[in-house]
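Visitor: Give me coordinates for this.
(2 chains)
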Amino acid sequence: MSVGSKVLVFGGLVLAALGMLYGLHYAIFVEHQTLDRMGGSLAQAFLSAAQRNPMEANAAITAYASTKYDYVRQVDVHSHWIGLPMMLIVLGAVLDNVAFGPRAKTWIAVALVVGSFVFPLGVILQTVSHGAAFASALAILGSATVTVALGAVVWGFASSNA
Amino acid sequence: MSTQVVSTNIAETFAPMSARRLLIFGGIALIAGGMLFGDIFAVFVLHQNGGQTGRALLAASEAVSAGNALAVKEAFQGIGGLLEDHGTKVDAHVHMTDAGYLALLLALIQPYVALPPRRKKLLAGLFITSGLLLPVGIFLIHYVGLAYSPFAAIGWASVLADTAGGLLIFVLIAEGYGFQVFLQGGSLGSEPELPAERTWERRTLMSGGALLILVGFLYGAWYAGVDLYRQEAREAQILKDMLDYSAGGQGGAVVAVASYGSLAAERAVKIAAHSHVIEFGLLAMLLSFVQPYVGLSERWKRRWVLLLLAGSAILPVFVLLEMNLGLVAGGIADLGGLFVIVALIGMLVGVLRYSGRLDLGTEGGS
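Guide: Numbering: from 1, shown residues only, chains lettered A, B, ... in the order given. Below you'll find the predicted structure:
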């Protein structure tokens, strides 16, 4: 087993466990409360509108949008922190079939693991401060790193098949 | 179907009742079950649920027009129930297939997990059982609710799902520990490495799968960059318009409700296309490792590979086209999903044939 493969399999297992722990914590302590808040805000908006209170209705819609912004990203983090590691483990098992030298394979593996950690981290940081440039930059950097590294793997497969 | 001669090496990697065999059988069964559930959900529940939600939202906006707060509350109770029904079914589908993927992944890394065989088998059994109980628990959340629950917001079905999720995490941590022991020079354990043959089926599944994942990544990046924020802003604006029209007694509420439904559908198909193309890519790559254990002729193995890849491309493409072509595209997408399920079951039958022949002693030792 090459160094790159070990990095991918170990990194994948650690990230998958992290993603599941996050999911478990989220399901027990956050999700129900978030969904209640989201549904409550939307219902409140309609109730306020029925009582002809447009200011309160608008405020409730803004609260709903804000909670949903967080909810979408929290679910995204859980799914990406499990989905990406599954890909890492698979790639760990086949990295030796990629037509690159050991050094290049190790760098590809490191890029895949780092990108897979950084991308969801950037997404979850977006919920700390909505629209924060640093968090968005981190998410873009992470996803770009994973995509470029995966492109290299596909290229490596194609070269080895040719 | 031809009678295959399998090398002793391949037979050794698929020992009777080994952790790997359990994980491969259980993994493919969980994926096929999860996908079948997803297809049934898409055909019989998804559109009907969306229609009911739209009607309930329209009733809420009419109640706003009439200034009837009680009717608003009733409408939202209905919407909450419909959303929970929809959400738990999607979650059950996703978690069942994902547990299957993880099971296949664990089968893949068994040679590098330095734990005693009995413990590995126990972990494999625990993983498959929990992988089944987790989606069952999620599915039951909507029906069990908070009945007899001592908790304020969590029902017994949630407890079942969370417990199963906890067990999955425990197994993953234990496997991670075994892998760490292996990295530190621990023994390889009882299961030899997977055969490293490079057949047409394996190469096609591997390359096709990696390409599908790459396409999914690029589409996901495009969606996050171009659509996500625009859709979030549009949703808030549509809801504000809906309330303004309703409260002002104007006639635009129906149009606003329709726009809201259209936006929800647009978001759903784009996310579904992104997630399905990646998951199918991952599935194709995982199944490439199972190919040595598919006891079918080359011709049938290739048919299942091509059917799987065709379905993996058809489903996400036609899910996306649902916004333009409507239910025709939806039907073709469901057919794509069915292709994947049929190919999966075909491969599972092949694995069962192979293991049956292996256990009877009619294969091995070429």
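Visitor: can we go C-alpha only for contacts and neighbour counts from here?
Guide: Noted.
Visitor: Can you show me the helices along the chain?
Guide: Assuming you mean chain A. Using DSSP state H, the helices of chain A run over residues A:3-25, A:32-50, A:54-94, A:102-128, A:133-161.
Visitor: Not quite, go with chain B.
Guide: Using DSSP H, helices in chain B cover B:8-12, B:19-41, B:47-65, B:69-109, B:117-144, B:156-183, B:200-222, B:229-247, B:253-290, B:298-325, B:327-360.
Visitor: Not counting its neighbours along the chain, what's nearest residue A:159?
Guide: Distances taken as Cα to Cα, 6 or more residues apart in numbering or on different chains place residue A:99 nearest to residue A:159, at 6.0 Å, with adjacent residues excluded.
Visitor: Check whether the one you found really touches residue A:152, as I assumed.
Guide: No - look at residue A:99 against residue A:152 with Cα atoms under 8 Å: they stay out of range, at 10.0 Å.
Visitor: where are the low-confidence patches of the chain?
Guide: Assuming you mean chain A. Scanning chain A for pLDDT under 70 picks out the ranges A:161-162.
Visitor: looking at chain B here, not the other one
Guide: Checking chain B against pLDDT under 70 turns up B:1-16, B:186-192, B:196, B:361-366.
Visitor: Map the structural domains onto the sequence of it.
Guide: B:19-189, B:197-366 (automatic domain parsing).
Visitor: what about the nearest residue to residue A:63 once chain neighbours are set aside, distance to chain B?
Guide: Spatial nearest neighbour of residue A:63, chain neighbours left out: residue A:41 (6.3 Å); criterion: Cα to Cα, 6+ apart. Using Cα to the nearest Cα, to the nearest Å, we find residue A:41 at a distance of 11 Å from chain B.
Visitor: okay, which residue is most central for chain A?
Guide: residue A:120 (3.1 Å; Cα atoms, centre = their mean).
Visitor: Any figure for the gap between it and residue B:281?
Guide: 20 Å (Cα to Cα, to the nearest Å).
Visitor: residues from the stretch 101-250 of chain B in reach of chain A?
Guide: Residues of the stretch 101-250 of chain B lying close to chain A (Cα under 8 Å from any Cα of the partner chain) are B:101-102, B:105, B:108-109, B:153-154, B:162, B:165-166, B:169, B:172-173, B:176, B:179-180, B:203, B:207, B:210-211, B:214, B:217-218, B:221, B:232, B:235-236, B:239-240, B:243-244, B:246-247.
Visitor: just to revisit the earlier point, specify the stretch among the helices of chain B that is closest to residue A:4.
Guide: helix B:156-183 (12.8 Å; Cα to Cα).
Visitor: Packing partners of the closest one?
Guide: On a contact count with 3 or more Cα pairs under 8 Å, 6 or more residues apart in numbering or on different chains; DSSP states H and E, helix B:156-183 meets helix A:3-25, helix B:117-144.
Visitor: want to throw the ones you listed into CSV with distance to residue B:347 and mean neighbour count?
Guide: Below are the helices and strands packed on helix B:156-183 laid out as CSV (distance: least, Cα to Cα, whole Å; neighbours: other Cα atoms under 10 Å in any protein chain shown):
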stretch, distance to residue B:347, mean neighbour count
helix A:3-25, 26, 22
helix B:117-144, 19, 21
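Visitor: Tell me which residue in chain A sits closest to chain B.
Guide: residue A:50 (4.1 Å; Cα to the nearest Cα).
Visitor: Next up, the contacts around that residue.
Guide: B:63, B:64, B:65, B:66, B:67, B:68, B:69, B:72, B:247 (Cα atoms under 8 Å, 6 or more residues apart in numbering or on different chains).
Visitor: which one is the fifth one nearest to, not counting chain neighbours?
Guide: If I follow you right, that is residue B:67. residue A:50 (4.3 Å).
Visitor: The third one too?
Guide: In space, residue B:65 comes closest to residue B:246 once its chain neighbours are excluded; the distance is 4.6 Å by Cα to Cα, 6+ apart.
Visitor: Just give me the neighbour total for residue A:152.
Guide: By other Cα atoms under 10 Å in any protein chain shown, 18 other residues sit near residue A:152.
Visitor: Distance of it relative to residue B:313?
Guide: Distance from residue A:152 to residue B:313, by Cα to Cα: 22 Å.
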